[in-house]
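Engineer: Next input, structure requested:
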Amino acid sequence: MGSARSLSSLLRGMVALLLFLLLASLLTPASAQGESAFSRPQLRSVLREAFTAIIDRHLEAAAPGDLALWSLRGLGALDTSLVAEVQEGMLRLRQGPALLREAPLPGGPAGAPTEASQRGRPPAAAVVLPATAMPDLLADSLSHFYAEAWQASPVLRRAGMEGLLQAGFDEVFNHLDPYSRYITAEEAWQARQRRVGQSGLGLRVAAGPRDTLVIATLAPEGEAARAGLREGDVLRSIDGVAISARRIILAAEMLEGPPGSEVALELRRGSQRLSVVLRRTSQLLQPLQAETQDGILWMRIAAFSAATTEQVSSALNAAFAQGAPPRGIVLDLRGNRGGILTQAMTVADAFLAEGPVAQSLGRHPEAQRIWNAAGGDLAQGAPVVVMVDGRTASAAEIVAAALGDRGRAVVVGSATLGKGLIQIVIPLSNGAEVLISWSRVLAPRGWPVQGLGVLPAVCTSLGAEALRNGLQMLGQGQPPMGPVLARARLARPPVPASEVTALRASCPPAEGRDLDVQAARTLLNSPATYRAALPR
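Structural biologist: The predicted structure is shown next:
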């Protein structure tokens, strides 16, 4: 009898233990379940989809061997004991002195030397496959490498599948361009569910130079402005989580929250470090602010949202429906980091009667487009001044370039940021996405916005005395920036870095300043000076 009770107790204990283990496995996050979270078929599928898009659509062609080498190097960012290299035409992955795996360099020898092929002698028997086979070849080879690395590295297993993919694609895109990136499934879902880039904090963030994340726009009476933050401040962390331009969607999601909740921000302003705690409200940024002063219509566009063109058109129609229409217009794009591309095109169209607005060029046929003005000039030919600064970027640069190139406006300020690449979103089977730069924007006269940026006809970043001398020269019919602008408009991609540096040095990028407003007023108060500043 006693032995039966003991056996019964033992069985009940074993059942309880099994139930506990089952429950623990169900409650454990996938990323913490070790090897059970790794699926080579799924990994291969995602790699094939992403590399198909990169090989077919990215603005710059990249050799498959280089893509493979860069991808494996990304694993080393997670686990520094992992080293990817090419020797004797073989792609190798080591963990310390131990060789984990080697395979022929994907794609075989390239027609032109690549980073990978220069590191080793291609095998004599290598066969060059058609381009259509490259994504499958890459995905198959890399998925085996990733599987070996997963088995060997506890660090990678802790990072999970998403961590592997993120690290691999981050390194690939580091070599391609500053704006392409991999977006995890969670971030992609959040982006679809929420309005990205705005919050009850009264600010909008955008990608800045060197992978930084900067405050692009501040609501004048918003929480961030009241706390003393400035446009251009570099955002370093949110609630203790380090962020960068490649995590912009995560940053935008972390900035949002219910009214009344708080968020802690760490920022950098030059060499100064700032720490602030902001309380969220229900306030949203106003994309357009318009008012008339002394006969001049001032319009500040903070960002290009879905309603920007409608608001600009309404402001122009209302101003010119009055008995005394404005004698000039100032379009303030300082600090505007861009937004919806089509809105930029239609805003420029509102000031142009006909002709080209911009064009885009890329390797893929669908990346090549021409935008032309289709409507009438809602400003009825009134003089226009566009104010820009070193933070003006992307869609805002397109508007400034179009109006300046077409002689419809005088651009005032400093050299702009120089972001003239267009991204396309490619959904992946794991719910993630890749954003790929697939075309570059050209101004109406054919010069590229990327890198070069928009150079003003009236420069304010050299100081008050230089501005005063420049306006005096314009009054005498001699545009001081004329030779520089003529040289810039002859530039064609790819523009040598030395030429970009030389042209931008003529009016270095700087934050918006009161001199911009002074110059705009002077131009609109002196028709002869305004005409002399228009491009020829």
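Engineer: which secondary structure element contains residue 465?
Structural biologist: Taking DSSP states H and E as the definition, residue 465 sits inside helix 464-475.
Engineer: hmm, who's touching that helix?
Structural biologist: 458-460, 479-481, 515, 518-519, 522, 526, 528-529, 532-533 (Cβ atoms under 8 Å, 6 or more residues apart in numbering). Heads up, the C-betas are built off the backbone N, CA and C, glycines and all.
Engineer: do stretch 360-371 as well
Structural biologist: Residues contacting stretch 360-371 (Cβ under 8 Å, 6+ apart): 56-61, 345, 356-359, 422, 424, 438-442, 493.
Engineer: again with stretch 222-235
Structural biologist: With Cβ under 8 Å, 6+ apart as the criterion, stretch 222-235 contacts 200-203, 205, 208, 212-219, 243, 251, 265-269, 274, 276, 278-281, 283, 285, 335, 391, 511.
Engineer: Keep only those of those that are in strands.
Structural biologist: Assigned to strands by DSSP state E, the following of those qualify: 203, 205, 213-218, 265-269, 274, 276, 278-279.
Engineer: Need the three-state assignment for residue 141.
Structural biologist: helix (DSSP: H, G, I helix; E, B strand; the rest coil).
Engineer: next SSE after the host helix or strand of residue 412?
Structural biologist: Residue 412 belongs to strand 410-413 when assigned by DSSP H and E. As assigned by DSSP H and E, the chain's next helix or strand after strand 410-413 is strand 421-427.
Engineer: Which strands and helices lie in contact with that next one?
Structural biologist: Applying 3 or more Cβ pairs under 8 Å, 6 or more residues apart in numbering; DSSP states H and E, we find strand 421-427 packed against helix 40-57, strand 433-442.
Engineer: quick one, which of these is nearest to residue 507?
Structural biologist: In terms of Cβ to Cβ, the element of the helices and strands packed on strand 421-427 nearest to residue 507 is strand 433-442, at 20.3 Å.
Engineer: contact partners of the helix or strand following the closest one?
Structural biologist: Using DSSP H and E, the helix or strand that follows strand 433-442 towards the C-terminus is strand 458-459. Applying Cβ under 8 Å, 6+ apart, the set of residues contacting strand 458-459 from outside is 410-414, 466-467, 470-471, 474, 480-481, 506-507, 519, 523, 533.
Engineer: Tell me the strands beside strand 458-459, with direction?
Structural biologist: strand 410-413 (parallel) (DSSP bridges).
Engineer: how far is the partner strand from where the chain is centred?
Structural biologist: 24 Å (Cα atoms, centre = their mean, to the nearest Å).
Engineer: Contacts for it next, please.
Structural biologist: 334, 383-389, 392, 400, 403-404, 454-461, 512, 516, 519-520, 523, 530, 533-534.
Engineer: How about stretch 163-172?
Structural biologist: 31, 43, 46, 50, 54, 67, 70-75, 77-78, 142, 146, 149-150, 156, 159, 181-182, 184, 246, 430, 432, 434.
Engineer: circling back: could you tell me which of the contacts of helix 464-475 are located in strands?
Structural biologist: 458-459.
Engineer: my guess is residue 211 meets residue 178, correct?
Structural biologist: Yes - in this structure, residue 211 is within contact of residue 178 by Cβ atoms under 8 Å, at 7.1 Å.
Engineer: Compare these two (neighbour count), which wins?
Structural biologist: residue 178 (17 against 13; other Cβ atoms under 10 Å).
Engineer: Who are the contact partners of that one?
Structural biologist: Residues near residue 178 by Cβ under 8 Å, 6+ apart: 207, 211, 245.
Engineer: hmm, try it at 10 Å
Structural biologist: Listed by Cβ atoms under 10 Å, 6 or more residues apart in numbering, the contact partners of residue 178 are 207, 209-211, 245-246, 419, 421, 437, 450.
Engineer: Same check on residue 92?
Structural biologist: 69, 72, 83-86, 99-103, 105, 120, 145.
Engineer: Can you tell me the centre-most residue of the protein?
Structural biologist: In the chain, the centroid-proximal residue (Cα atoms, centre = their mean) is residue 179; its distance is 4.2 Å.
Engineer: Correct me if wrong, but it is in a helix.
Structural biologist: No - using three-state DSSP, the secondary structure at residue 179 is coil, not a helix.
Engineer: Enumerate every residue touching it.
Structural biologist: Applying Cβ under 10 Å, 6+ apart, the residues near residue 179 are 173, 207, 245-246, 394, 419, 421-423, 435-437, 450.
Engineer: one step back: among the contacts of stretch 163-172, which ones are buried?
Structural biologist: Taking 16 or more other Cβ atoms under 10 Å as the criterion, what is buried in the contacts of stretch 163-172 is 43, 46, 50, 54, 67, 70-75, 78, 142, 146, 149-150, 156, 159, 181-182, 184, 246, 430, 432, 434.
Engineer: circling back: helix or strand right after the helix holding residue 465?
Structural biologist: Per DSSP H and E, the helix or strand that comes after helix 464-475 is helix 482-489.
Engineer: Contacts for that next one, please.
Structural biologist: 404-405, 411, 415, 443-447, 452-457, 459, 473-474, 479, 481, 495, 499-500, 502-507, 532-533, 535-536.
Engineer: Would you show me how to pick out the buried ones of those in ChimeraX?
Structural biologist: In ChimeraX, a selection of the buried entries from the contacts of helix 482-489 looks like this (16+ other Cβ under 10 Å):
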select :404,405,411,415,443,444,445,447,452,453,454,455,456,457,459,473,474,479,481,495,500,503,504,506,507,532,533,535
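Engineer: before we move on, the earlier item: among the contacts of stretch 163-172, which are in helices?
Structural biologist: Among the contacts of stretch 163-172, DSSP state H puts 43, 46, 50, 54, 67, 70-75, 77-78, 142, 146, 149-150, 156, 159 in helices.
Engineer: can I assume residue 318 is in contact with residue 291?
Structural biologist: No - using Cβ atoms under 10 Å, residue 318 is not in contact with residue 291; the gap is 11.4 Å.
Engineer: quick one: common contacting residues for those two?
Structural biologist: Counting by Cβ under 10 Å, 6+ apart, the residues touching both residue 318 and residue 291 are residue 297.
Engineer: returning to what we had before: restricted to buried residues, select the contacts of residue 178 in ChimeraX.
Structural biologist: Buried subset of those, written as a ChimeraX selection, criterion 16+ other Cβ under 10 Å:
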select :207,245,246,419,421,437,450
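Engineer: Perfect, that will be all.
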